[in-house]
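Enquirer: Model the following, please.
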Amino acid sequence: MTTTTATIYRTRTHRPAANVALRSAGRAETRPAGRLAAGVIAARRRTATVVAVGVLSLAGLGLHGVLSSAGDVPASAAGAGSAPVARTVKAHPGDTLWSIAEAHRGDISIRRYVDALVELNGGETRIDAGQLVRLP
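Expert: Numbers count the residues shown, from 1 in each chain. Below is the predicted model of the structure:
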């Protein structure tokens with residue numbers, strides 16, 4: 001009579017949702033699938049939060065640049081435009097700001113032009129003969 005030796009292997013039932021095998025440093029570990037999924041979800045949320053904060057920061061910087069810019073002029077040349085030519089008139093004896101305004105106002109109302117003359121000339125309403133009067 002021949003005796004056969006039967007090798008019995010113990011097999012585990014495979015439950016994908018119950019356990020997930022991980023390899024770290026050469027040894028196998030098992031961790032419940034729910035904990036792994038929660039860790040992965042938390043990592044994805046952190047990554048999404050960092051990306052969202054970065055995108056919003058860049059958008060904020062871009063919006064700040066648009067709102068605070070001096071127009072289509074590069075920042076280095078923002079104040080380097082040509083200075084307006086200051087026009088002046090030498091006051092003659094008997095001249096008033098009103099008479100100077102009438103002579104130089106063009107299409108602007110006389111009251112508005114006189115107000116601009118007073119403001120440009122230091123707020124003084126009195127002028128002397130020979131004084132240079134700045135024109136707007």
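Enquirer: okay, CA-based contacts and neighbour counts for the rest of this
Expert: Noted.
Enquirer: Can you give me the pLDDT of residue 129?
Expert: For residue 129, the model assigns a pLDDT of 91.
Enquirer: Surely it is in a helix?
Expert: No - using DSSP: H, G, I helix; E, B strand; the rest coil, the secondary structure at residue 129 is coil, not a helix.
Enquirer: after the helix of greatest length in the chain, next one along is what?
Expert: With DSSP state H setting the assignment, residue counts place helix 33-67 as the longest helix in the chain. Counting by DSSP states H and E, the element after helix 33-67 in chain order, helix or strand, is strand 87-90.
Enquirer: Against which helices or strands is that next one packed?
Expert: Using 3 or more CA pairs under 8 Å, 6 or more residues apart in numbering; DSSP states H and E, the elements in contact with strand 87-90 are strand 132-135.
Enquirer: which residues are contacting the strand it packs on?
Expert: 86-91, 117, 120-121 (CA atoms under 8 Å, 6 or more residues apart in numbering).
Enquirer: quick one: which of these is most hemmed in?
Expert: residue 117 (22 neighbours; other CA atoms under 10 Å).
Enquirer: tell me which element that one is part of?
Expert: Here residue 117 is assigned to helix 110-120, by DSSP H and E.
Enquirer: so what does that helix touch, helix or strand wise?
Expert: Using 3+ CA pairs under 8 Å, 6+ apart: helix 110-120 touches helix 97-104, strand 132-135.
Enquirer: Quick one, which of those gets closest to residue 110.
Expert: helix 97-104 (6.3 Å; CA to CA).
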